[in-house]
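[1] Sequence isn't available, so here's the structure alone:
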Ligand SMILES: [Cu+2]
């Protein structure tokens, strides 16, 4: 009985610390390039700053069916984009999705992405204990 109580106490503690441990991650300047009617591709940029090492495993949105994470590499003097399933976010170091560097590629969406509107993006992270969590943000279309 004592053991059961203790176990329940530990479980309760774990649950509460999990809820209380709001992830200290700052996501700023999230924006998406506007598109014209008929365009089927766009890009999104943002900066991320975390107080713990994280891995960004994917980005999803109900507005945009396909979002790929791309790195830009230079191969034999030619700039190429490579899809990746993991982006490392080192603690205390701002990671930027930016033009000419890593970026989010947006595909398979209906209708133009109009400047001034916002799109909800959900970022899926994994911490070093393999614990997954999501963070949703509003990206402004510019
Ligand atoms: Cu790309």
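    On my side now, so go ahead. For clarity, every value in this text was computed on a predicted model and none was experimentally measured.

[2] nearest residue to the residue minimising distance to the centre of the chain other than its sequence neighbours?
    Note on the chain: the residue nearest the mean C-alpha position is residue 123, at 3.0 Å, using CA atoms, centre = their mean. Leaving aside its chain neighbours, residue 123 sits nearest to residue 135 (4.9 Å; criterion: CB to CB, 6 or more residues apart in numbering). Every C-beta, even on glycine, is put in place using the N, C-alpha and C of the backbone.

[3] ok, which stretches of the chain are strands?
    Secondary structure of the chain, counting by DSSP state E: strands at 25-32, 41-50, 54-60, 66-75, 78-84, 87-89, 95-97, 103-107, 118-127, 132-141.

[4] Pull up the pairing partners for the last one, direction included.
    Applying DSSP bridges to the sheet, strand 132-141 is found paired with strand 25-32 (parallel), strand 118-127 (antiparallel).

[5] The longest one: which residues count as buried?
    Just to be clear, that refers to strand 118-127. 119, 121, 123, 125 (16 or more other CB atoms under 10 Å).

[6] still on that earlier bit, now the strands of the chain in TSV, with distance to the ion?
    Converted to TSV, these look like this (distance: least, CB to the ion, whole Å):
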stretch	distance to the ion
strand 25-32	13
strand 41-50	7
strand 54-60	13
strand 66-75	3
strand 78-84	4
strand 87-89	13
strand 95-97	10
strand 103-107	4
strand 118-127	16
strand 132-141	16
